[in-house]
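**Student:** From the sequence below, what's the structure:
(2 chains)
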Amino acid sequence: MDWLQFYFDRLLQAFYALRDNRLRSVLSVLGIAVGIAAVMAVGAVSKGGSYLVFSELETFGLNSVWVYRDRNDKDPNRRVRKGTGLDNYDYYAMKETCCSAMDKLTPMVFSRERSIIQTGNRYSNARISGVNSDYLDINNDHIIYGRNFRPLDIKRRRASAVIGPTVVEDLFGKGSNPIGKDIRIGIRRFTVVGVLEEKSRDFLASIGSSGGQDANNRILIPFTLYQQMNGSKAINFFQLKARSLEEADLLSIQVKAFLERRNGKNYKYKTDTMATYIGTADRILSGVAMIGVIAASISLLVGGLGIMNIMSTSVLERTREIGLRKAIGASQADILMQFLLEAIVISTLGGIIGLILGAGSSIILAMVTGFPLTPTPLVIIIALVVSIIVGIASGFLPARRASRLHPVEALRYE
Amino acid sequence: MISLHNIHKSYYMGDVTVPVLNGIDLSIDNGEFVAIMGPSGSGKTTLLNIIGCLDSIDVGEYSLAGEKINTLDDKSMARIRSQHIGFVFQLFNLIPRISARRNIELPMIYANVNKADRYSRTTTVLERVGLSDRATHVPTQLSGGQQQRVAIARALVNNPDLLVVDEPTGSLDSKNGKEIMQLFGRLNADGVTIVMVTHENDIAACAQRQVHLLDGKIDQDTA
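**Tutor:** Residues are numbered from 1 along each chain as shown, chains lettered A, B, ... in the order given. All right, here's what the predicted structure looks like:
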């Protein structure tokens, strides 16, 4: 246990020295604490944020592929300028012969006009989509009351609707069961056949990634019926589900090629996949996180410079003490270690306090924002290792200068 | 014990070389009490620093307790100082704000003495300098004479072969100075070898042997 005694004695020397300059030591400890806490908080926020974004993106269905007309097509030889470029013939053709990587397919039909949606004297401002019975599966939506559309509902253009929880609340009151009841869309009556499970999309809704739409404020109706109401066989876009995440890119190539083979004279098509959305979100989020961490790291750097500053001052003030310590048997290595230890004690204390502050602010942030923030043992180890490294880096130059002082000159120093 | 042969030492101030010691030959035996005297600038403090292994030699040979000093590196010099030499300074050089006991323990920390031994040896040397009741006092709570006794205790605690003493009474009144010199006398009677620099004749008279320096050379030696 000799070596333990050895380090304990030297650590004690460092504590005595820091106690001699209490205010200065406390201030530099705080400098490091703020730096570590800032890095931790920024890291936690960005981690929680990306977790939230990904968990919300996942609720759209990770294997999703969207295909729609490329509106930026600049080819002067094309004759058709108007329209969505997609219709029911494309739909049936795709269903029959398109794409080995395709698992599910739904047309998406919207209307330019907003219909009044009401039940008695209650109104809803929900967004209406014309879909088929695959829609729910593709979008990871679940029915909590009633049922999904049946293929015959679509084929026969039955006036049935699947509605979101916000619509239920607006039209029927919270907690009521609207199955079998009627709602009016424009001049038509629809029977509610199903209610969607609530989706947590607060974060995406707030940044507008879901088109500013509340996912819980949706009304789904058979796309065939919606087309009839619109007086058009146009389909705004298709949403597809690939057989696996890996095949999403393949599917987007296949479906684009399929449609351009059919309609290539008149239209070009574009595709999006959830994978590319996730990749984009990931790049943006990690970019933001990186900037945040860099900004926070600067405060850690400033904390390190603070230690370097007070250690330099301390070496100057204690020149005679250093001379004395050498006279009574301290080697250069002993002096180097003493001052390094003082710097490490400051930075480690700062690291521990910063860890507590950082964890505390992460937990408060978690409570305020609902971000799932989980401080892990790894974070604790990293924070401590980083603060020890900061201590060594900022203490090294002053400590080396101290160790190299000539004992005679140091003792003579006034 | 101490053997100095043809010691030369110069200081360099920019381009100017200032010779301080010009060929010192001196040997000191075990148990001697030697006072080094001389006017300021005669090189007596430099000689003392060389004897105390704090400063290097330009030319010459120095051996202490059988070890050749002039070729040693920093680590070995530190070991020599730790094992063989105890220093007493004019300005005491105690570390403020830590107790007398902790000041005295410092040399033992650098010599890697274990905690129990440190405690008992500190108690012994405090008794030896007559300060057993002041162990927990910090330097500012002690008089000048008491502070110098703590410094002497610190110098003695590693049982050195040699005490290197620089103007020990320079910061003390005559009564305290006398007591300190009596303490050195007792220590020397117990067998401790002492080399002391002073410019006061009555202090030097406490030593058995007086060495006078003039312009970096030994002018007079009573041995």
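
**Student:** For residue 54, give me the pLDDT.
**Tutor:** Reading this off chain A. The model reports A:Phe54 with a pLDDT of 72.

**Student:** Not quite, go with chain B.
**Tutor:** For B:Leu54, the model assigns a pLDDT of 92.

**Student:** Next, count neighbours for residue 133.
**Tutor:** As the question left the chain open, I've gone with chain A. Other residues lying near A:Ser133 total 19 when counted by other CB atoms under 10 Å in any protein chain shown. Quick note: C-beta positions are derived from backbone N, CA and C, even for glycine.

**Student:** Actually, chain B is the one I wanted.
**Tutor:** Neighbours of B:Asp133 using other CB under 10 Å come to 8.

**Student:** Just want to check the distance between it and A:Asn148.
**Tutor:** 94 Å (CB to CB, to the nearest Å).

**Student:** what do you get for A:Asn230?
**Tutor:** Distance of A:Asn230 to A:Asn148, given as CB to CB: 23 Å.

**Student:** Over to A:Glu260?
**Tutor:** 32 Å.

**Student:** what helix or strand is the closest residue to A:Cys99 other than its chain neighbours on?
**Tutor:** Once flanking residues are discounted, A:Cys99 sits nearest to A:Gln254: 4.2 Å by CB to CB, 6 or more residues apart in numbering or on different chains. Using DSSP states H and E, A:Gln254 sits within helix A:248-263.

**Student:** And for B:Leu163?
**Tutor:** Counting by DSSP H and E, B:Leu163 is part of strand B:162-166.

**Student:** And that strand, what does it pack against?
**Tutor:** The contact analysis (3 or more CB pairs under 8 Å, 6 or more residues apart in numbering or on different chains; DSSP states H and E) places strand B:162-166 against helix B:44-51, strand B:85-88, helix B:144-156, helix B:174-189, strand B:193-197.

**Student:** got the buried residues for the longest one?
**Tutor:** By neighbour count, with 16 or more other CB atoms under 10 Å in any protein chain shown as the criterion, the buried positions of helix B:174-189 are B:176-178, B:180-181, B:183-184, B:187-188.

**Student:** cool, the third one as well?
**Tutor:** Taking 16+ other CB under 10 Å as the basis for neighbour counts, the residues of helix B:144-156 that come out buried are B:144-156.

**Student:** What is it packed up against?
**Tutor:** strand B:85-88, helix B:100-110, helix B:115-128, strand B:162-166, helix B:174-189.

**Student:** got those as a markdown table, with mean pLDDT and distance to A:Glu321 columns?
**Tutor:** Output for those, formatted as a markdown table (pLDDT from 0 to 100; distance: least, CB to CB, whole Å):
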| stretch | mean pLDDT | distance to A:Glu321 |
| --- | --- | --- |
| strand B:85-88 | 95 | 14 |
| helix B:100-110 | 94 | 10 |
| helix B:115-128 | 94 | 20 |
| strand B:162-166 | 94 | 17 |
| helix B:174-189 | 93 | 23 |
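
**Student:** Can you convert those into JSON lines and add a column each for distance to B:Leu214?
**Tutor:** Below are the helices and strands packed on helix B:144-156 laid out as JSON lines (distance: least, CB to CB, whole Å):
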{"stretch": "strand B:85-88", "distance to B:Leu214": "25"}
{"stretch": "helix B:100-110", "distance to B:Leu214": "34"}
{"stretch": "helix B:115-128", "distance to B:Leu214": "36"}
{"stretch": "strand B:162-166", "distance to B:Leu214": "19"}
{"stretch": "helix B:174-189", "distance to B:Leu214": "25"}
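
**Student:** closest to A:Arg156 out of those?
**Tutor:** With respect to A:Arg156, and counting by CB to CB, the nearest of the helices and strands packed on helix B:144-156 is helix B:115-128 at 93.8 Å.

**Student:** Could you check the angle the closest one makes with helix B:174-189?
**Tutor:** Computed by axes from the mean of the first three to the mean of the last three CA atoms, to 10 degrees, the angle separating helix B:115-128 from helix B:174-189 equals 120 degrees.

**Student:** What strands line up against the helix or strand bottoming out on mean pLDDT in chain B, and which way round?
**Tutor:** Here the helix or strand of chain B ranked lowest by mean pLDDT, DSSP states H and E is strand B:67-68, holding a mean of 88. Applying DSSP bridges to the sheet, strand B:67-68 is found paired with strand B:59-64 (antiparallel).

**Student:** got the angle between the partner strand and strand B:162-166?
**Tutor:** Using the same axes, to 10 degrees: strand B:59-64 against strand B:162-166 is 120 degrees.

**Student:** Isn't B:His137 up against B:Ser99?
**Tutor:** Yes - applying CB atoms under 8 Å as the test, B:His137 and B:Ser99 come out as touching, 6.5 Å apart.

**Student:** Can you list the strands that the helix or strand harbouring A:Lys104 pairs with?
**Tutor:** For A:Lys104, the element it lies in under DSSP H and E is strand A:102-108. Applying DSSP bridges, strand A:102-108 is found paired with strand A:237-242 (antiparallel).

**Student:** where's A:Ile116 relative to chain B, distance?
**Tutor:** 83 Å (CB to the nearest CB, to the nearest Å).

**Student:** Just to check, A:Ser64 is in contact with A:Phe237?
**Tutor:** No - counting by CB under 8 Å, A:Ser64 does not reach A:Phe237; the two are 11.6 Å apart.

**Student:** In chain A, what residue lies closest to chain B?
**Tutor:** A:Gly329 (2.8 Å; CB to the nearest CB).

**Student:** I'd guess that residue is in a helix, am I close?
**Tutor:** No - counting by DSSP: H, G, I helix; E, B strand; the rest coil, A:Gly329 is not part of a helix but coil.

**Student:** Tell me how many other residues surround the closest residue to it other than its chain neighbours.
**Tutor:** Leaving out its chain neighbours, the residue that sits closest to A:Gly329 by CB to CB, 6+ apart is B:Ser82, at 2.8 Å. B:Ser82 sits with 23 neighbouring residues when counted by other CB under 10 Å.

**Student:** Flag every buried residue along the helix or strand hosting A:Tyr226.
**Tutor:** Assigned by DSSP H and E, A:Tyr226 belongs to helix A:223-230. Within helix A:223-230, the residues scored as buried using 16+ other CB under 10 Å are A:223-227, A:229-230.

**Student:** how far away is B:Ser63 from chain A?
**Tutor:** 19 Å.

**Student:** let me fix that: B:Ile69
**Tutor:** Relative to chain A, and taking CB to the nearest CB, B:Ile69 is found at 14 Å.

**Student:** pLDDT score assigned to the residue lying closest to that residue once chain neighbours are set aside?
**Tutor:** Spatially, and ignoring its direct neighbours in sequence, B:Ile69 is nearest to B:Tyr62 (4.5 Å; CB to CB, 6+ apart). Per-residue confidence (pLDDT) for B:Tyr62: 93.

**Student:** Show me which residues of chain B sit near chain A.
**Tutor:** B:49, B:52, B:54-55, B:74-75, B:78-79, B:81-83, B:86-87, B:89, B:93, B:95-98, B:102, B:106-107, B:109-112, B:114-115, B:154-155, B:158 (CB under 8 Å from any CB of the partner chain).

**Student:** okay, which residue is most central for chain B?
**Tutor:** Central residue of chain B (CA atoms, centre = their mean): B:Val164, 1.5 Å from the mean position.

**Student:** now the strand or helix carrying A:Thr313: mean pLDDT?
**Tutor:** Element membership for A:Thr313 (DSSP H and E) is helix A:274-317. Regarding helix A:274-317, the rounded mean pLDDT is 87.

**Student:** same thing with stretch A:14-30?
**Tutor:** If you average the pLDDT over stretch A:14-30, you get 89.

**Student:** Equivalent analysis for stretch B:26-39, please.
**Tutor:** For stretch B:26-39, the mean per-residue pLDDT is 94.

**Student:** Tell me which residue in chain B sits closest to chain A.
**Tutor:** Closest point on chain B to chain A, by CB to the nearest CB, is B:Ser82, at 2.8 Å.

**Student:** Pull the CA coordinates from the helix or strand containing that residue and hand them back as PDB.
**Tutor:** According to DSSP H and E, B:Ser82 maps onto helix B:74-84. In PDB, the C-alpha atoms belonging to helix B:74-84 read as follows (Å, rounded to 0.1, in the frame of the first residue of the first chain):
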ATOM      1  CA  ASP B  74      18.600  16.500 -10.700                       C
ATOM      2  CA  LYS B  75      17.000  13.400  -9.300                       C
ATOM      3  CA  SER B  76      20.100  12.200  -7.500                       C
ATOM      4  CA  MET B  77      20.800  15.700  -6.200                       C
ATOM      5  CA  ALA B  78      17.300  15.700  -4.800                       C
ATOM      6  CA  ARG B  79      17.900  12.300  -3.200                       C
ATOM      7  CA  ILE B  80      21.200  13.600  -1.600                       C
ATOM      8  CA  ARG B  81      19.400  16.600  -0.200                       C
ATOM      9  CA  SER B  82      16.700  14.400   1.100                       C
ATOM     10  CA  GLN B  83      18.900  11.800   2.800                       C
ATOM     11  CA  HIS B  84      22.000  13.700   3.900                       C
END
